[in-house]
Structure formats: structure tokens, C-alpha cells
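> Dropping a prediction and its sequence here:
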Amino acid sequence: MQCTMMLPSKVPDPFLEQPLRSLGYGIAVGVAIRYRFCHDLVLSCNAVAGGFIIGHAIHRGFNLNKSDMMIGMVDALINDSLASVLIPTFVTYTVCGSTRECLRNLSGVPKGIYKWAPLTLGLCLLPIMMPPIDRGVCWFMNETVRTLY
């Protein structure tokens, strides 16, 4: 879903389209896999998400007029911080942790289910929650931050 930015860009923004948009969710993926895979893989997921956010800010800034460059970069940083990092990571952390705790409290749950159910649920939730989060953050940005410029 393309978010309507206040500042018109010279070119379309590929960072707002799939599959590139999915790279921004790397930190949420890292949260989901942290109990099952090595720490280096989690750090790699975080690096991918960080690269996405920085790349989007640079792309956004350099495709605007010189007078709007910094505003566009800050806008992209705030937007991606909310839509790619804070909200999806919090939701994934909460869902995976709650699932682990529920399964821990149940008796007779097979070890494989206890190990893999939180990860599977967390990863399956990401594509489902992408569009509502993007719409919500776009609305929030348009109603608050983007009214300032």
C-alpha cells in the first residue's frame, strides 16, 4: 500500500512496495526466531532491517527537491521506525512470549510444539499485520507529524 506522503517525490518509492517492504520487518523476524536459531542470525535480521530503514531515508531524501531533502529523510525515518520496527516488533514479541507462556502452563504439550509454535505463529502473523500497520502509521503520520510541514 502506498502511503500518501505530503512531499511529492520525483520517482515512485520502491521501498513502500513488496517485496522490498518486507525487509523492514527484519527486527520482528529476529524476535520471532531468537529462541530457535543462533544469535548471529538474529543480528543479521536486525542488520537487514536497519539497512532498509537507512536506505529508505536516503532514497526518499535524494528524490525530493533540495529544500525538502531533510524533511523527507526524517519523515521516512519516523515512518519506518513506527511501521517497520516498533509496532511489528512489539506485536511479535508479545505474541511469541504469550504463546510460549501458554504452552508452558499446559501439561502434556509435545516438546516440538512448545519449541516451534511460537516461532511459527510469530512469522505467520507478520504478513497478515503488514497492511493494517502501514495504513495505521500512514494515518497517524498524516494527522500528527506531517501537519507540521
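Sure thing, it's come through.

> Contacts only, for the closest residue to Y93 other than its chain neighbours.
Nearest non-adjacent residue to Y93, counting by Cβ to Cβ, 6 or more residues apart in numbering: V31, 5.0 Å away. Where C-beta positions appear, they are placed from N, C-alpha and C, glycine not excepted. Taking Cβ atoms under 8 Å, 6 or more residues apart in numbering as the contact definition, V31 lies against 89, 92-93, 96, 122.

> L125 too?
Taking Cβ under 8 Å, 6+ apart as the criterion, L125 is in contact with 91-92, 95.

> which ones are touching the closest residue in space to G24 that isn't next to it in sequence?
Closest residue in space to G24, ignoring its immediate chain neighbours: S84 at 3.2 Å, by Cβ to Cβ, 6+ apart. Contacts here follow Cβ under 8 Å, 6+ apart; on that basis S84 touches 24-25, 27, 49, 52-53.

> Walking through this structure, point out its helices one by one.
26-33, 39-62, 69-80, 87-105, 111-143 (DSSP state H).

> Tell me the confidence at the residue located most distally from the centre of the chain?
The C-alpha centroid of the chain is most remote from G108, which lies 34.9 Å away (Cα atoms, centre = their mean). Looking at G108, its pLDDT stands at 90.

> how much space between it and R100?
To R100, G108 is 16 Å away according to Cβ to Cβ, to the nearest Å.

> Then C45?
C45 is 19 Å from R100, by Cβ to Cβ.

> neighbours around the closest residue to P14 other than its chain neighbours, how many?
Of all residues not flanking P14 in the chain, L20 sits nearest, at 5.5 Å (Cβ to Cβ, 6+ apart). When neighbours are counted by other Cβ atoms under 10 Å, L20 registers 14.
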